[in-house]
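Participant: Structure for this input, please:
(chains A and B)
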2 protein chains.
Amino acid sequence: MQRKARSKAHLGEFELIAQLFAPLATSKAALGLCDDVALLRVPNGHELVLTTDAIVEGVHFFSNDPPKSVAQKALRVNLSDLAAKGANPIGYLMALALPAQATTRWLKAFCTGLQADQKRYGLSLLGGDTTRTDGPLAIAITAIGSAPRGKMTRREGAKPGDVVFVSGTIGDAGCALELLKTRRGAQRFLTERFRVPEPRVRLGRESRGLASSSIDVSDGLLADLGHIAEVSRVRIAVRAGQVPLSAASRALWRGGERAVVRAATAGDDYEIAFTCRPADALNVKRAALRAKTHVTEIGTVERGRGVVLLDSKGNEIKTARRGYTHF
Amino acid sequence: MQRKARSKAHLGEFELIAQLFAPLATSKAALGLCDDVALLRVPNGHELVLTTDAIVEGVHFFSNDPPKSVAQKALRVNLSDLAAKGANPIGYLMALALPAQATTRWLKAFCTGLQADQKRYGLSLLGGDTTRTDGPLAIAITAIGSAPRGKMTRREGAKPGDVVFVSGTIGDAGCALELLKTRRGAQRFLTERFRVPEPRVRLGRESRGLASSSIDVSDGLLADLGHIAEVSRVRIAVRAGQVPLSAASRALWRGGERAVVRAATAGDDYEIAFTCRPADALNVKRAALRAKTHVTEIGTVERGRGVVLLDSKGNEIKTARRGYTHF
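Facilitator: You can find the predicted model right below:
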């Protein structure tokens, strides 16, 4: 309905596709972005795994974040869902809503982020849509992966007696967000953890068949384990002293229980929280070594409902909230 | 980064999913929206057809459009892409960016639109993401369909000698948009053509194997036939006198060549433009009858490049533009 003045700083819609996006359409399934659709042949004996996540300027990233990292965050929050399911990434479709301020220069840098991650995780752009908006920049991505038939790791499946693992460290992105919102800025390690999460694709794949349930930690460790507990109809007990915190967040949040509570309810981690039978715990640790990803045993699955955080004496630590919500 | 005050007019994120979206996840592949992903088994001997399109408040629909029709437009612009390819709709994933003004009441009405169209076109919600935005409401949908292996109708494939068809009538949405922008309002028929396009799913399916190339008309009839001409490396000649206009748009644009030029460059039609061998033209008309969809023969494919609009004497009518662009 609106039409924006077009300057040299802006490419037209078809020029954008031809110059910036077509080079990212490396898979045959993308049909060179020269058709209305992508056409995907699914590997024999495999099922497709699909997820969609959008990120919005001012909500999930800051206006002055580097365009490269904005692209990577948009893609990686989706890859994190595939990772938790043990799926192999295949490709993605992307709907971009661009404000007039998004220059060709910004978009070029944005595409270098996509290109780097396509190579890193082995996937291709399959299709897209670009539209103008009067509002903030928004990127909606649908990521597609595959898993051998019947072998995807589900959210449902945790059983009493299982042990609970989590990858990496928890709370870094939340810690960075707190610092960045005050405009004091955060140290590089924390800022990067917020801007460019690391989807645990290899860990998810290596632990497929070993994990009894799995979820990616986006809402907050306790909130997400709560989702596993709910659909698996079990209780999950997390030992606060074992929740892995980075030295940086521990220092800023001054260690102790308070730091763990903040970390475990902060969200935006994009680590994997998963469960396995006790007999598989050693093989899980071996899988983590193969995936070159640190994992920590943080709790146990019990009969009952809900998720609890326990102190060193086994008493429940009450938390005001489980995680981060947009609403 | 932001957190909005929550009132009774707003459901929380998980309540939204449980109360409004889960009932739309009718396919087993959606896993009841109780996992991070959808898990899709592709029908034997079929390929997947994927497309993504977003619509943004103030760009593709008006703020005061009925929520039901906003939902239908969001879904149907995607189904139109599947229709042009002769694909059978399977499901869709939806990323919603909601401003604080979007109440539960609005969302409930929005979901009735999705539900009605899921039934009408036989598909299921497979997954989604809901986030807050400070900007306009935006809906990004990725639609998934299937086609028998190797049988999808491509954009490439028009050959010199082929005839060109288009479904329905052209220019209604553009005509409505022009009237709605002036706040005078448009008559119901035209307004509905703008708000709730009719994806030609059945026609696309019935003409699969007959059409040599096909595209959905979203940018404008001439622009979209230009896309076919470009990838098929042919020239397409459209006879202005044969371009089907509704009585309503013909009256408002006062008939004649000028009306046809406006209609053929207006965009947002979501009809199908396609080509076929002359020997298949009769079967195409039979397919259209089975699909209960009106089709009109509007031109021919020739050697050369580009697309031309011809007057009754066969002379080219120059147009200032080919279609509608956002940039």
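
Participant: nearest spatial neighbour of residue A:174, skipping sequence neighbours?
Facilitator: For residue A:174, ignoring the flanking residues on the chain, the nearest one in space by Cβ to Cβ, 6 or more residues apart in numbering or on different chains is residue A:266 at 2.4 Å. Just so you know, the C-beta spots here come from the backbone N, C-alpha and C atoms, and that holds for glycine as well.

Participant: And for that neighbour, the neighbour number?
Facilitator: For residue A:266, the count of nearby residues is 27 (other Cβ atoms under 10 Å in any protein chain shown).

Participant: Look at it and tell me its secondary structure.
Facilitator: Classification of residue A:266 using DSSP: H, G, I helix; E, B strand; the rest coil returns coil.

Participant: Looking at strand pairing, list the partners for the nearest residue to residue A:168 once chain neighbours are set aside.
Facilitator: Among residues not flanking residue A:168 along the chain, residue A:271 sits closest, at 4.5 Å (Cβ to Cβ, 6+ apart). Per DSSP bridges, the residues bridged to residue A:271 are residue A:217.

Participant: And the pLDDT at residue A:183?
Facilitator: With respect to pLDDT, residue A:183 scores 64.

Participant: re the thing from before, verify the stated contact: the residue nearest to residue A:168 with residue A:216.
Facilitator: Yes: Residue A:271 is within contact range of residue A:216, at 7.2 Å (criterion: Cβ atoms under 8 Å).

Participant: Now do the contacts for residue A:197.
Facilitator: Going by Cβ atoms under 8 Å, 6 or more residues apart in numbering or on different chains, residue A:197 touches A:73, A:76-77, A:80, A:173, A:268-270.

Participant: Tell me which two of those residues sit farthest apart.
Facilitator: A:73 and A:269 (12.8 Å; Cβ to Cβ).

Participant: higher neighbour count, the two?
Facilitator: Each of residue A:73 and residue A:269 has its neighbours counted (other Cβ under 10 Å); residue A:269 has more, 31 against 25.

Participant: Which helix or which strand is home to the more buried one?
Facilitator: Element membership of residue A:269, judged by DSSP states H and E, is empty: it is in no helix or strand.

Participant: and the helix or strand where residue A:89 lies, which strands flank it?
Facilitator: Residue A:89 is part of strand A:88-98, with elements assigned from DSSP H and E. Applying DSSP bridges, strand A:88-98 is found paired with strand A:124-132 (parallel), strand A:138-148 (antiparallel).

Participant: just checking, next helix/strand downstream of it?
Facilitator: Using DSSP H and E, the next helix or strand after strand A:88-98 towards the C-terminus is helix A:104-121.

Participant: Please give me every residue in contact with the closest residue to chain B within the stretch 151-300 of chain A.
Facilitator: Per Cβ to the nearest Cβ, residue A:155 is where the stretch 151-300 of chain A lies closest to chain B, at 4.5 Å. Applying Cβ under 8 Å, 6+ apart to residue A:155 gives the contacts A:213-215, A:227-228, A:231-232, B:34-36.

Participant: mind redoing it with 6 Å?
Facilitator: When contacts are counted by Cβ atoms under 6 Å, 6 or more residues apart in numbering or on different chains, residue A:155 touches A:213, A:215, A:228, A:231, B:35.

Participant: Next up, identify which helix or strand the fourth one is on.
Facilitator: Using DSSP H and E, residue A:231 sits within helix A:221-232.
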